[in-house]
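Engineer: need a structure here:
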Amino acid sequence: MMIRILKEKFGNLTKLWIILTLAFLFLFSIALSACEDKGPMEKAGEKVDETFEKAGDKMEDAGDAIKDTVEDAGDKMEDAGDDMQN
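Structural biologist: Predicted coordinates for the structure are as follows:
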């Protein structure tokens, strides 16, 4: 009964599905845009992310400094070895 009424109104179900899909997408976009305000948990999560990113940067900087120090020490040892041979 309901399908017959819908077929009479819309001609075929393809049009109905298109209309329902567009309506769903419209409602979904409205719901999504309503979520723009950041809540306290999202703000806290962003601060945690930022903290870990800064910590990662500091660790990378420390690793680079250690690498440079080891390379410098290796160069000095190589120079000292060369001086001993000459």
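Engineer: tell me which helix or strand of the protein sits lowest on mean pLDDT?
Structural biologist: helix 2-10 (a mean of 65; mean pLDDT, DSSP states H and E).
Engineer: domain map for this protein?
Structural biologist: Annotated domains of the chain cover 1-36, 39-86 [automatic domain parsing].
Engineer: can you redo these as JSON lines with mean neighbour count?
Structural biologist: Backbone N, C-alpha and C define where each C-beta goes, glycine included. As requested, the domains of the chain are arranged in JSON lines below (neighbours: other CB atoms under 10 Å):
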{"stretch": "domain 1-36", "mean neighbour count": "10"}
{"stretch": "domain 39-86", "mean neighbour count": "10"}
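Engineer: would you single out the least confident of those?
Structural biologist: For the domains of the chain, mean pLDDT drops lowest on domain 1-36, to a mean of 72.
Engineer: does anything pack onto the helix or strand where residue 27 lies? Which helices or strands?
Structural biologist: In this structure, residue 27 sits in helix 13-33 according to DSSP states H and E. For helix 13-33, the elements it packs on are helix 2-10, judged by 3 or more CB pairs under 8 Å, 6 or more residues apart in numbering; DSSP states H and E.
Engineer: could you give the separation of the longest helix seen in the chain from the chain centroid?
Structural biologist: In the chain, with assignment by DSSP state H, the single longest helix is helix 40-85. Relative to its chain's centre, helix 40-85 lies at 25 Å (CA atoms, centre = their mean, to the nearest Å).
Engineer: could you measure the residue nearest the centre of the chain against residue 62, distance?
Structural biologist: The chain has residue 49 as the residue nearest its centroid, 10.4 Å off, counting by CA atoms, centre = their mean. Separation of residue 49 from residue 62 (CB to CB, to the nearest Å) stands at 20 Å.
Engineer: got it, and residue 25?
Structural biologist: 49 Å.
Engineer: likewise residue 85?
Structural biologist: 35 Å.
Engineer: need the contact partners of stretch 60-79.
Structural biologist: Among residues not part of stretch 60-79, none is counted as a contact by CB atoms under 8 Å, 6 or more residues apart in numbering.
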